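I'll drop the sequence and a predicted model, then ask my questions.
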Amino acid sequence: MTGFQIVSLKDMIEELGESEVKSRLSAFYCPLNFDIEYFLKNKAIEFAKQQIAPTRLVFASYKGDLVLCGYFTIATKSFVVSKNNVSSNTFKRLKKFGTYDEVSKKCSIPAPLIAQLGKNFQNGYDKLISGDELLTLACNEVKKVQYIIGGKVVYIECEDKSRLLQFYERNGFKSFGKRNLDKDERDKLDGEYLVQMLKYLED
């Protein structure tokens, strides 16, 4: 996908310094989801420095300058999927990458989690990239990692809102379960749980 420049937040910190990066990120604005904005401004730098959940900043050209139009954060996690919650063909594919328990009929799978995905609405920069394009960039980054370490699966967790579910479904993700919100998530997210969705990444 051309037209966008992806920059590692960790590399940016090492090049410009933490204070300068904080200043640049302070203008990020996402009215659709407070958690997206809060994470980038308050957690992303520390998580990137510790390699807990690396963030990639996405820049696009605007009036001759490169501007921040969005970002995504990828973390290494594990999820559990029940044999009854996905198609038999999907479960067969998933078993190759996880540990199957015969008693519970569930499979535990280590996989990249797209933990954050959001556009920057400051100055209308959100119009420079579509949500589909941003998600595709994130999935392509996952593919690069999995080409080296193996794997074919990526997953997300989102609020149970029709517009979000339709967005991910349109991009090939399928629901497989729910996760109850942690204590520190309850004041930033709606509802009591997140819907878990996965995608099998084709070559």
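Yes, it's here. Residues are numbered from 1 along each chain as shown.

who's in contact with R163?
By Cβ atoms under 8 Å, 6 or more residues apart in numbering, the contact set of R163 is empty. Using the backbone N, CA and C atoms, a C-beta is placed for each residue, glycine as well.

Give me the distance between it and K183.
The span separating R163 from K183 equals 26 Å under the rule Cβ to Cβ, to the nearest Å.

Same question for V145.
V145 is 30 Å from K183, by Cβ to Cβ.

ok, the two, which is more surrounded?
V145 (14 against 6; other Cβ atoms under 10 Å).

Just say helix, strand or coil for the more buried one.
helix (DSSP: H, G, I helix; E, B strand; the rest coil).

where does the closest residue to it other than its chain neighbours land in three-state SS?
Nearest non-adjacent residue to V145, counting by Cβ to Cβ, 6 or more residues apart in numbering: P112, 6.7 Å away. Per three-state DSSP, the local secondary structure of P112 is strand.

So P112 sits against K144, correct?
No. P112 sits out of contact with K144 when judged by Cβ atoms under 8 Å, with a separation of 10.7 Å.

Who has more neighbours out of the two?
P112 (23 against 8).

Specify the beta-bridge partners of the more buried one.
Following DSSP bridges, P112 is listed with bridge partners T76.

can you pull the contacts of it?
So P112 contacts 74-77, 142, 145-146, 151, 154-155 (Cβ under 8 Å, 6+ apart).

Closest one to N84 out of those, please.
Minimum distance to N84 across the contacts of P112 is 17.6 Å, recorded for Y155 (Cβ to Cβ).

From K95, how far out is the closest one?
15 Å.

higher neighbour count, the two?
Neighbours per residue (other Cβ under 10 Å) separate Y155 from K95, with Y155 holding more: 22 against 14.

what sits opposite that one in the beta ladder?
Applying DSSP bridges, one finds that Y155 bridges with L113, L198.

what residue ranges in this structure are flagged as low confidence?
For the chain, the stretches flagged by pLDDT under 70 are 1-2.

As JSON lines, the contacts of P112 with distance to F121 would be great.
Output for the contacts of P112, formatted as JSON lines (distance: Cβ to Cβ, whole Å):
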{"residue": "I74", "distance to F121": "22"}
{"residue": "A75", "distance to F121": "24"}
{"residue": "T76", "distance to F121": "29"}
{"residue": "K77", "distance to F121": "28"}
{"residue": "V142", "distance to F121": "25"}
{"residue": "V145", "distance to F121": "29"}
{"residue": "Q146", "distance to F121": "31"}
{"residue": "G151", "distance to F121": "33"}
{"residue": "V154", "distance to F121": "25"}
{"residue": "Y155", "distance to F121": "26"}
